[in-house]
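Asks: Test case, fold it:
(chains A and B)
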There are 2 protein chains.
Amino acid sequence: MRTIRKAPEMQAEALRLRREGKRIGFVPTMGYLHEGHLSLLREARKRADALVVSIFVNPAQFGPAEDLSSYPRDLERDLAMCAAAGADIVFAPADGEIYPPGYSTYVVEERLSRGLCGASRPGHFRGVATVVAKLFNLVLPEVAVFGSKDYQQARVIERMARDLNFPVEILVAPTVRETDGLAMSSRNKYLSPQQPAQALCLFRALEKAREMTGGGERSLEKIVAAMKTLIEAEPEARLDYIEARDAANLEPMTVLDRPTVIALAVFIGSVRLIDNAVLAP
Amino acid sequence: MRTIRKAPEMQAEALRLRREGKRIGFVPTMGYLHEGHLSLLREARKRADALVVSIFVNPAQFGPAEDLSSYPRDLERDLAMCAAAGADIVFAPADGEIYPPGYSTYVVEERLSRGLCGASRPGHFRGVATVVAKLFNLVLPEVAVFGSKDYQQARVIERMARDLNFPVEILVAPTVRETDGLAMSSRNKYLSPQQPAQALCLFRALEKAREMTGGGERSLEKIVAAMKTLIEAEPEARLDYIEARDAANLEPMTVLDRPTVIALAVFIGSVRLIDNAVLAP
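Replies: Presented below is the predicted three-dimensional model:
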């Protein structure tokens, strides 16, 4: 496995691989890898001749009051995990490689990125869409794999790739969970020893939604209200949002008459966690 | 020469050419070709195994009060000219191919696109950057050629390509002029029989600037003032802007102490024409 630090070197290597007829699979990450990332690496590995993983904590997707500086980092551990998962190249650029002085171009998705995390984190999806577009041009993948935990992000990236005609197949893989149901996230590391138990309220709220749906409930307002009650009963939890949206176009929904994503963001202490479930009518 | 109407077909053909190791040269146009475009085709032809020309009047770069509907079109004539200039493929998509229903992603350049035409035409460069990014992904060129008449556009595209890491070399070719000096433009067709003579005031103003510079004048304010006087003396001309900017980063300039572009936009009747010259200190 090779580690590349420079953007031009990454692109030259990608062009070389493509000239050789190699199919490049790509998993962009912010590092501090966990089993969720590894499941994406495995999906990409199956579909590609060369597997590229990027590790870059993207400043453009963090707000000024967010956790950019404290975001967990452990490059050595990440490199070992990538090697074990069969990565051929890890692209781990410095900030200045990605946003050089005078940088002034951004990619904005104006529909799916509204609301949900887009409302709580202004500019977040602009940063995500921009860095993914850049990474696509540097890595030149034929297939790129993203996780479902960031449901809105996956939809924004699919739309961006389609709208800008990137010749990249976007694959979205299921969320990986701890045995108790907690969605894996690099931010789980921030949780104090007691907080993972409290963080389970996200999963329990989603289970509650599934249970109500299974029992025939079709009012998304009732389902969301019941979820809110459950979150609010957890003393350390502070709700950011719970919303029901059309699973495809993210339009707000009130009645479960087509596939619907229930997405939520909850602060456990100062740690903001997200999760989601897709409900079928 | 092959004419392609569908975006997926264009991309499949581009991928096929690249797999064969062909170097793709690209000239994006809005059609109604003139000698200026043909000079770009010749530059691209020299540098490529396969020459792709796009013909697409891009609605995203026109304001609501602008000349989108009346923009001159003559596809048959354009195709004949492309064939004669040695194009291999003309990509002439319908609007719906480029902006399908639900389209929601844009590329914005936030620095070089401010001021000049960006001030007169809000959203114009967002439309330009977006369509060029899309066309780069559909045509997958190694080299793309743009004209110098749209000086700010050329700089915005260079920056966009660099910032988003497109693996495309951007070449900017000189403005082609009529023998009297009028810069060639598809919009010259709008001019009434008397107006081309009036439109010459743009070129004469640039000549005046060169003459003053040649005589030792270094005050860009004086140079711009003399150009304004000249434009205002033309009864049919209405000045949109004349400005002196750093030729590289488009920052406003007052003293000619480094390469400076003098760019101007002038309405001749209802026809808005642009031109520019780069002055060396």
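Asks: what about A:Thr175, how many neighbours?
Replies: The local packing of A:Thr175 (other C-beta atoms under 10 Å in any protein chain shown) involves 17 other residues. For every residue, glycine as well, the C-beta is placed using N, CA and C.
Asks: pretty sure it contacts A:Phe146?
Replies: No: using C-beta atoms under 8 Å, A:Thr175 is not in contact with A:Phe146; the gap is 11.2 Å.
Asks: For my notes, confirm A:Arg45 occurs in a helix.
Replies: Yes: A:Arg45: assigned to a helix according to DSSP: H, G, I helix; E, B strand; the rest coil.
Asks: Neighbours of it, how many?
Replies: If we define neighbours as other C-beta under 10 Å, then A:Arg45 has 19 of them.
Asks: mind giving me the domain ranges of chain A?
Replies: Following automatic domain parsing, one gets these domains for chain A: A:2-173, A:186-275.
Asks: do you know which of the ones you listed lies nearest chain B?
Replies: For these, the distance to chain B is smallest for domain A:2-173, at 3.5 Å, taking C-beta to the nearest C-beta.
Asks: Quick one: end-to-end distance for the closest one.
Replies: Its first and final residues considered, domain A:2-173 spans 25 Å by C-alpha to C-alpha, to the nearest Å.
Asks: next one: stretch A:229-237
Replies: Span of stretch A:229-237 from end to end, C-alpha to C-alpha: 11 Å.
Asks: and that stretch, how far from the chain's centre?
Replies: What separates the centre of stretch A:229-237 from the centre of its chain is 25 Å, taken as C-alpha atoms, centre = their mean, to the nearest Å.
Asks: List the contacts of it.
Replies: A:195, A:198, A:201-202, A:204-205, A:208, A:239, A:242, A:264, A:266-269 (C-beta atoms under 8 Å, 6 or more residues apart in numbering or on different chains).
Asks: how about that stretch: buried residues?
Replies: For stretch A:229-237, the neighbour count (16 or more other C-beta atoms under 10 Å in any protein chain shown) marks A:Leu230, A:Ile231, A:Glu234, A:Glu236, A:Ala237 as buried.
Asks: follow-up on the earlier one: shared neighbours, A:Thr175 and A:Phe146?
Replies: With C-beta under 8 Å, 6+ apart, A:Thr175 and A:Phe146 have no common neighbours.
Asks: Take the contacts of stretch A:229-237 and lay them out in a markdown table including distance to chain B.
Replies: Below are the contacts of stretch A:229-237 laid out as a markdown table (distance: C-beta to the nearest C-beta, whole Å):
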| residue | distance to chain B |
| --- | --- |
| A:Gln195 | 37 |
| A:Gln198 | 37 |
| A:Cys201 | 33 |
| A:Leu202 | 28 |
| A:Arg204 | 34 |
| A:Ala205 | 30 |
| A:Lys208 | 32 |
| A:Leu239 | 28 |
| A:Ile242 | 24 |
| A:Leu264 | 24 |
| A:Val266 | 28 |
| A:Phe267 | 29 |
| A:Ile268 | 33 |
| A:Gly269 | 35 |
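Asks: Weed out the non-buried ones from these.
Replies: A:Gln195, A:Gln198, A:Cys201, A:Leu202, A:Arg204, A:Ala205, A:Lys208, A:Leu239, A:Ile242, A:Leu264, A:Val266, A:Ile268.
Asks: Would you point out the most distant pair within the residues you listed?
Replies: Maximum pairwise distance among the buried ones among the contacts of stretch A:229-237 (C-beta to C-beta): 20.3 Å, between A:Gln195 and A:Lys208.
Asks: And the one helix or strand A:Ile170 maps to, what does it pack against?
Replies: Taking DSSP states H and E as the criterion, the element that holds A:Ile170 is strand A:169-173. In terms of contacts (3 or more C-beta pairs under 8 Å, 6 or more residues apart in numbering or on different chains; DSSP states H and E), strand A:169-173 is packed against helix A:35-46, strand A:143-147, helix A:151-163.
Asks: Turn these into TSV, columns for distance to A:Ser185.
Replies: Converted to TSV, the helices and strands packed on strand A:169-173 look like this (distance: least, C-beta to C-beta, whole Å):
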stretch	distance to A:Ser185
helix A:35-46	7
strand A:143-147	10
helix A:151-163	13
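Asks: With respect to B:Arg5, which of the ones you listed lies nearest?
Replies: helix A:151-163 (18.9 Å).
Asks: And the strands in the stretch 51-200 of chain A?
Replies: Ranges of strands in the stretch 51-200 of chain A, per DSSP state E, counting those that start in this stretch, are A:89-91, A:105-109, A:143-147, A:169-173.
Asks: how about stretch A:129-139, does it reach chain B?
Replies: Yes: residues of stretch A:129-139 contacting chain B under C-beta under 8 Å from any C-beta of the partner chain: A:Ala129, A:Thr130, A:Ala133, A:Lys134, A:Asn137, A:Leu138.
Asks: okay if I get those residues as CSV plus pLDDT and neighbour count?
Replies: Shown next, in CSV, are the residues of stretch A:129-139 next to chain B (pLDDT from 0 to 100; neighbours: other C-beta atoms under 10 Å in any protein chain shown):
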residue, pLDDT, neighbour count
A:Ala129, 98, 28
A:Thr130, 98, 25
A:Ala133, 98, 26
A:Lys134, 98, 27
A:Asn137, 98, 22
A:Leu138, 98, 28
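Asks: from these, which ones fall inside helices?
Replies: A:Ala129, A:Thr130, A:Ala133, A:Lys134, A:Asn137, A:Leu138 (DSSP state H).
Asks: Switch the strands of the stretch 51-200 of chain A over to a markdown table; also include mean pLDDT.
Replies: Below are the strands of the stretch 51-200 of chain A laid out as a markdown table (pLDDT from 0 to 100):
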| stretch | mean pLDDT |
| --- | --- |
| strand A:89-91 | 98 |
| strand A:105-109 | 98 |
| strand A:143-147 | 98 |
| strand A:169-173 | 98 |
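Asks: Save those strands as JSON lines, and put in mean neighbour count too.
Replies: Listed next are these as JSON lines, based on neighbours: other C-beta atoms under 10 Å in any protein chain shown:
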{"stretch": "strand A:89-91", "mean neighbour count": "24"}
{"stretch": "strand A:105-109", "mean neighbour count": "23"}
{"stretch": "strand A:143-147", "mean neighbour count": "23"}
{"stretch": "strand A:169-173", "mean neighbour count": "17"}
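Asks: Distance to A:Glu251 for those - can I get that in CSV?
Replies: Shown next, in CSV, are the strands of the stretch 51-200 of chain A (distance: least, C-beta to C-beta, whole Å):
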stretch, distance to A:Glu251
strand A:89-91, 36
strand A:105-109, 15
strand A:143-147, 21
strand A:169-173, 19
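Asks: looking at those, which is closest to A:Val278?
Replies: Across the strands of the stretch 51-200 of chain A, A:Val278 has its closest neighbour in strand A:169-173 (11.0 Å, C-beta to C-beta).
Asks: a strand runs through A:Lys234, doesn't it?
Replies: One correction, residue A:234 is Glu, not Lys. No: A:Glu234: not assigned to a strand; according to three-state DSSP it is coil.
Asks: where's it relative to A:Val266, distance?
Replies: 8 Å (C-beta to C-beta, to the nearest Å).
Asks: now do A:Ser185
Replies: 12 Å.
Asks: so what's in contact with these two at the same time?
Replies: Joint contacts of A:Ser185 and A:Val266 (C-beta under 8 Å, 6+ apart) are A:Leu273, A:Ile274.
Asks: First-to-last residue distance for stretch A:116-135?
Replies: 25 Å.
Asks: again with stretch A:249-267
Replies: Span of stretch A:249-267 from end to end, C-alpha to C-alpha: 26 Å.
Asks: in that stretch, what counts as buried?
Replies: For stretch A:249-267, burial by neighbour count (16+ other C-beta under 10 Å) applies to A:Leu250, A:Met253, A:Leu256, A:Thr260, A:Val261, A:Ile262, A:Ala263, A:Leu264, A:Ala265, A:Val266.
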